[in-house]
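Please find the sequence and the predicted model below.
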Amino acid sequence: MSSSSIPEQVGAGAVPPPQAHRGKRRRRDRESGWVTAALAAPGFLWIGFYLIAPLVIIVLVSFWTWTDAGFDKTLTTANYRELFNDSTYWENMLSTVITSAIAVVACLVLGFPVAYFLALKVQSLRIQIALFIIALAPFWTSFLTRAIAWTFPLMGREGALNQVLIKLQIISEPLPELGFSTLSVRLAMIQLYILFMITPLFFTLAQVDRSALESARDLGANWWGTFREVILPQTMPGIVIGSIFIFVLTMGDYGTVATVGGGNITSVGTLINSKIGAVQYPQGAASAVLLVIVLLAGVWGITRFANLREEL
Amino acid sequence: MIETMASAAAPAARPQDTVVRREIKQRRDWAKWGLAVYFALFLFVLYIPMVLMAILSFQGSTGQLTFPFRGPFSIDWWRTLWDTNLFNTIADDVSASGRQSLWLALVAGVLVALFGFSLSMAFRRRWRLKGDVLAFYILMLALMTPAFLVGLGNQLLWRYMGETPSLWYTALGANVIWGIPFSFLVMLAVWNRYDRHVEEAARDLGADGPTTFREVTLPLVWTGIFGSFLFGFTLAWNDFDRTILLQNGYQAQPLPVLIGTWPQSRPILPNLYALGAGTTAVTLALIFVVLIAVTLRLRVRGAPVRRVEEEFGEEVGGSLDVAGTAELTKK
């Protein structure tokens, strides 16, 4: 702490500080340390009980033995061995990773112009705030309701989208792929989660120094050059944070897949959920641990794009 | 007066003093208009499913789940949500679930606001020091852990302890976990803008710690605390992935669980649309009102501050009561 280092610096000089003064400083530091601990304690106790302990228990249970009643504390690696030989699990893992990768890229490509427009092209602050609120408002509503609204009235064999496409004579028959399908799930993921990309992008784009943009133009850079050399490096943290958000949320998603897929489509999330429903806790826990490993690998891959800690 | 003197004193106009004004050619920003059209399209895709759902909830009794709209226009499907006399009523479920959800979300919001505020106060005291990095990563872990992992882990933990997970002891806790990092980040943003000198000023004017906190700090950061509450409230109000794993069958289900399990448990009729559109409309209205109110308030606070003497008259000298400072910020 900086305040405790000051007396020492003074002590190194000509005049040693009085001892009493030094003791008082120490006591104040200790008191303030207690206050800090008291302020931090409730939140971290809550997190310890409802987040850390559950995560630890998942890892433990994944090494325990399955019984009819749940689990037995006998250590085993059978759960993992079964999983490694379970091709359904890995097919689902692959399809979930592909879904998430598509969602990340699509949200970035489709969301960037939105954030760019809001942050840099809207001049009036009041309009900017208003448009941002309108664009962000669905984030506050229920994802499940949005998934239902996406599935039943819009998509599906008889959904509005198929009807419009037929009216416009783009297709002659309703597309069955728009029903309870992988394509529908992937489209829904983009529509549901894109706001998690736009928000961090907006905040980093809004911080881009506008005079740097003008300088780039004055120095002869065209639009693409300005974008690549000025805007992109400055928005990297936003891109990384948004990508991590989307990747993690879509990998762990359960509700959207179950609703939009209508029970036909499975993901790692729905697989684990059905294992839990069948009281196969150790297998479910092991599947979850493997999912987390894939998840962390993905997040690590994303952070390679920019050194996030340095930016923070 | 001064101008005439200056012009009298100035020598004859030199050519380099004349300012040449050339019209700056304003090019039309085509990119802006293209992006505006794209933005409108984005909003359309974002909102169209909910709009379609709302339209279809106003169908007549032969209404189905897809277009065409089967008339006549009526609120019959909406009435099944509250009118217990209709044969296909779901009023009992809706009111029980609604009440459950409301209480759950309110408590979660209050807890999230409290935890986030006290955590941010702790970080504000010792920001960027030993242990802080670890604590910060733990908070980010709370943000990044997928919902169903939290649900699964808590369920296993309670089984391990020999208990049945319940809405109030388990699901509430898991919902608050997600809210804490949001609240913490909101409060960090608030503290970043916060001018610490006002606290020093209050202390120099004789206010003790609690008074400073109550009269100076709190009025300046309450919007952040309220924003935290709002985060906690809406996250818990909408949560499905955590709650579905952590409730038990003996309690009324919260609204998202009622909606989410609907397609498996009962026929899908336009009253599901009515319920979805209703809850969405309530949430949207609440958010718009609150955000607009907060925006207005922020603008008012941004107004130029008058000098202290004007505000308090001549007697500022020795004993400026700190309550007066709070009054000033309230205006």
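Arrived safely.

pLDDT below threshold where in the chain?
Went with chain A since none was named. Counting by pLDDT under 70, chain A has low-confidence residues at A:1-32, A:305-312.

um, chain B though
B:1-13, B:22-28, B:125-131, B:295-331.

can you list the domains in it?
Domain assignment of chain B by automatic domain parsing yields the ranges B:31-74, B:113-302+B:319-330.

what about residue A:66, which helix or strand?
Element membership of residue A:66 [criterion: DSSP states H and E] is strand A:65-67.

how about that strand: buried residues?
For strand A:65-67, the buried set under the neighbour-count rule, 16 or more other C-beta atoms under 10 Å in any protein chain shown, comprises residue A:66. C-beta here means a position set from N, CA and C on the backbone, and glycine is covered the same way.

Can you list the strands that that strand pairs with?
Taking DSSP bridges as the criterion, strand A:65-67 pairs within the sheet with strand A:70-72 (antiparallel).

And chain B, is the very next helix or strand once past the strand it pairs with touching that?
Remark: after strand A:70-72, the chain's next helix or strand is helix A:78-84, criterion DSSP H and E. No: using C-beta under 8 Å from any C-beta of the partner chain, we find that helix A:78-84 stays clear of chain B, coming within 13.2 Å at best.

touching chain B at all, the next helix or strand after helix A:78-84?
Remark: after helix A:78-84, the chain's next helix or strand is helix A:87-116, criterion DSSP H and E. Yes: using C-beta under 8 Å from any C-beta, we find that helix A:87-116 touches chain B at A:110, A:113, A:114, A:116.

Okay, angle between the helix or strand just after helix A:87-116 and helix A:87-116 too, please.
Using DSSP H and E, the helix or strand that follows helix A:87-116 towards the C-terminus is helix A:125-136. Counting by axes from the mean of the first three to the mean of the last three C-alpha atoms, to 10 degrees, helix A:125-136 lies at 160 degrees to helix A:87-116.

Need the contact partners of helix A:125-136.
The contact list for helix A:125-136, computed with C-beta atoms under 8 Å, 6 or more residues apart in numbering or on different chains, reads A:114, A:118-119, A:122, A:195, A:198-199, A:202, B:39, B:42-43, B:46, B:287-288, B:291-292, B:295.

Out of those residues, list just those in strands.
Residues of the contacts of helix A:125-136 located in strands (DSSP state E): none.

Now the buried members of those residues.
The buried subset of the contacts of helix A:125-136 - by 16+ other C-beta under 10 Å - is A:114, A:118-119, A:122, A:195, A:198-199, A:202, B:39, B:42, B:46, B:287, B:291.

Let me know the closest of the residues you listed to residue A:270.
residue A:195 (23.4 Å; C-beta to C-beta).

residue contacts, that closest one?
A:135, A:136, A:138, A:139.

now swap in residue B:29 and tell me
Going by C-beta under 8 Å, 6+ apart, residue B:29 touches residue A:121.

Let me know the secondary structure of the nearest residue to residue B:71 once chain neighbours are set aside.
In this structure, residue B:71 finds its nearest non-sequential neighbour in residue B:60, 5.1 Å apart by C-beta to C-beta, 6 or more residues apart in numbering or on different chains. Per DSSP: H, G, I helix; E, B strand; the rest coil, the local secondary structure of residue B:60 is coil.

need the contact list for residue B:60.
For residue B:60, counting by C-beta under 8 Å, 6+ apart, the contacting residues are B:70, B:71, B:72, B:73, B:74, B:76.

Surely the first one is in a strand?
It stands for residue B:70. No: counting by three-state DSSP, residue B:70 is not part of a strand but coil.

thinking it is in contact with residue B:64, fair?
Yes: between residue B:70 and residue B:64 there is a contact under C-beta atoms under 8 Å: 6.2 Å.

For residue A:131, the count of nearby residues, please.
Neighbour count for residue A:131, taken as other C-beta atoms under 10 Å in any protein chain shown: 18.

And it, how far from residue A:234?
Computed as C-beta to C-beta, to the nearest Å, the residue A:131 to residue A:234 distance reads 22 Å.

same check, this time on residue A:226
As judged by C-beta to C-beta, residue A:226 and residue A:234 stand 11 Å apart.

Likewise for residue B:72?
For residue B:72, the distance to residue A:234 - C-beta to C-beta - is 56 Å.

These two - which one has more neighbours?
residue A:234 (16 against 11).

For the more buried one, give me its contacts.
Taking C-beta under 8 Å, 6+ apart, we find residue A:234 in contact with A:204, A:207, A:208, A:209.

Could you say which helix or strand holds it?
Applying DSSP H and E as the criterion places residue A:234 in helix A:232-251.

Who are the packing partners of the next helix or strand after that helix?
Note on helix A:232-251: by DSSP H and E, the next helix or strand toward the C-terminus is helix A:255-260. Helix A:255-260 sits against helix A:143-149, helix A:182-206, helix A:268-277, helix B:255-265, with contacts defined as 3 or more C-beta pairs under 8 Å, 6 or more residues apart in numbering or on different chains; DSSP states H and E.

for chain B, what are the nearby residues on the stretch 201-312 of chain A?
Residues of the stretch 201-312 of chain A lying near chain B (C-beta under 8 Å from any C-beta): A:223, A:244, A:248-249, A:251-255, A:258-259, A:262-263, A:269, A:272-273, A:276, A:281, A:284-285, A:288, A:291-292, A:295, A:299.

Mind doing that once more with 6 Å?
A:248, A:252, A:254, A:255, A:269, A:288 (C-beta under 6 Å from any C-beta of the partner chain).

now for the residues you listed, which pair is the farthest apart?
Taking C-beta to C-beta, no two of these sit farther apart than A:255 and A:288, at 16.5 Å.

out of those two, which sits in the more crowded spot?
Neighbour count, other C-beta under 10 Å: between residue A:255 and residue A:288, residue A:288 has more, with 28 against 24.

For that one, list the residues it contacts.
Residues in contact with residue A:288, defined by C-beta atoms under 6 Å, 6 or more residues apart in numbering or on different chains, are A:58, A:272, B:149, B:152.

Against chain B, how distant is the first one?
Separation of residue A:58 from chain B (C-beta to the nearest C-beta, to the nearest Å) stands at 5 Å.

okay, now that residue: neighbour count?
24.

Summarise which helices and strands the host helix or strand of it is packed against.
In this assignment (DSSP H and E), residue A:58 forms part of helix A:53-62. The contact analysis (3 or more C-beta pairs under 6 Å, 6 or more residues apart in numbering or on different chains; DSSP states H and E) places helix A:53-62 against helix A:281-303, helix B:147-160.

among these, which is the most enclosed?
helix B:147-160 (a mean of 24; mean count of other C-beta atoms under 10 Å in any protein chain shown).

and the angle from it to helix A:53-62?
Going by the same axes, to 10 degrees, helix B:147-160 is angled at 70 degrees with respect to helix A:53-62.
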